[in-house]
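**Q** Next comes the sequence, and after it the predicted model I'd like to discuss.
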Amino acid sequence: MVEESKKYCFVNPNDGGIAVVNGTGKGPLDRRSLEYFSKRSAWTNHWYYKSERGESAIPATCLLYTAILTLILIIIIIILISTILLAGRRNEKGTDLLPAVLADPCPKGWLAHQRKCYYFSVNEGNWISGSSHCSSHNASLAMVDSQEELDFFLRYKSPPDHWIGLQKDSGQPWRWINCSIFTGQLFTLPTEKGRRCAYLNHKDVASSSCTREELWICSKDIFEGNA
């Protein structure tokens, strides 16, 4: 019986070279050749042989490193999937809050500032007319509580004068629209007879007869929404 001729391929993965030894050339791989190529096995330069029958000899270190890299890749994939799923759940929870966060907290035509909604009128009227208009929108003529708020009014109002929620009755001190007494810490007002209603001019607060035709500023808390 004629012994089947075998063909062996020796592969160097670094340079891509393949050495072939067959039965008609150099003959079958002998033990010395096998020991030589086995000694050449290393992390950066692995040699192996494979016959036509599918016999192979792969270095154990190569299998070990392959297994480790595969395990690391699986762990990375699991972490990425978990992160994506967690982010998706957070987005679902956040979506429920978007309408409340993105909705305009003030009615159309009003301006939000420091947890309040302000309306700068486009029509003129006396102090009583301005106060009534604000009340019809669940608001009141604006009060000036701080220098920052005064600066805000002067910055955003149009050049004409605007009524604010400050007035006085004959023989009484100046009072804000909520009945609190005006302290005069931010600005002062004259006490001349007939000047019973306050307004904002181009740079400060002044007073005049309440029957003058002026624009006005309405104010209400922002949590009252679009009422």
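**A** Received it, and whenever you're ready, just let me know what you need. Residues are numbered from 1 along each chain as shown.

**Q** How is this structure divided into domains?
**A** As given by automatic domain parsing, the domain ranges for the chain are 8-58, 59-103, 111-224.

**Q** which stretch in the ones you listed is the model least sure about?
**A** Here these differ in mean pLDDT, and the lowest is domain 8-58 at a mean of 46.

**Q** Which parts of the protein are helices?
**A** Here the chain has its helices, by DSSP state H, at 31-39, 60-102, 127-136, 147-156.

**Q** List the residues that contact Tyr156.
**A** Residues near Tyr156 by Cβ atoms under 8 Å, 6 or more residues apart in numbering: Leu111, Tyr118, Phe120. The C-beta positions use only the backbone N, C-alpha and C, and glycine is treated the same way.

**Q** try Met143
**A** For Met143, counting by Cβ under 8 Å, 6+ apart, the contacting residues are Ile164, Gly165, Leu166, Trp176, Ile177, Asn178, Ser219.

**Q** same thing but 7 Å
**A** Going by Cβ atoms under 7 Å, 6 or more residues apart in numbering, Met143 touches Ile164, Gly165, Trp176, Ile177, Asn178, Ser219.

**Q** Pull out the buried residues from the residues you listed.
**A** Ile164, Gly165, Trp176, Ile177, Ser219 (16 or more other Cβ atoms under 10 Å).

**Q** Look up the closest residue to the fourth one, ignoring the ones flanking it.
**A** Nearest residue to Ile177 in three dimensions, chain neighbours excluded: Gly165, at 3.2 Å (Cβ to Cβ, 6 or more residues apart in numbering).

**Q** Ok, the last one next?
**A** Nearest non-adjacent residue to Ser219, counting by Cβ to Cβ, 6+ apart: Ala142, 3.9 Å away.

**Q** That neighbour contacts Ile164, correct?
**A** Yes. Counting by Cβ atoms under 7 Å, Ala142 touches Ile164, with 5.2 Å between them.

**Q** Report the set of residues contacting both of those two.
**A** Ile217.

**Q** Can you report how many residues lie near Lys220?
**A** When neighbours are defined as other Cβ atoms under 10 Å, Lys220 has 21 of them.

**Q** Quick check, it in contact with Ser136.
**A** No. Between Lys220 and Ser136 there is no contact under Cβ under 7 Å: 11.6 Å.

**Q** what's the nearest residue to Asn126 if we skip its chain neighbours?
**A** That would be Thr211: by Cβ to Cβ, 6+ apart, it lies 5.0 Å from Asn126.
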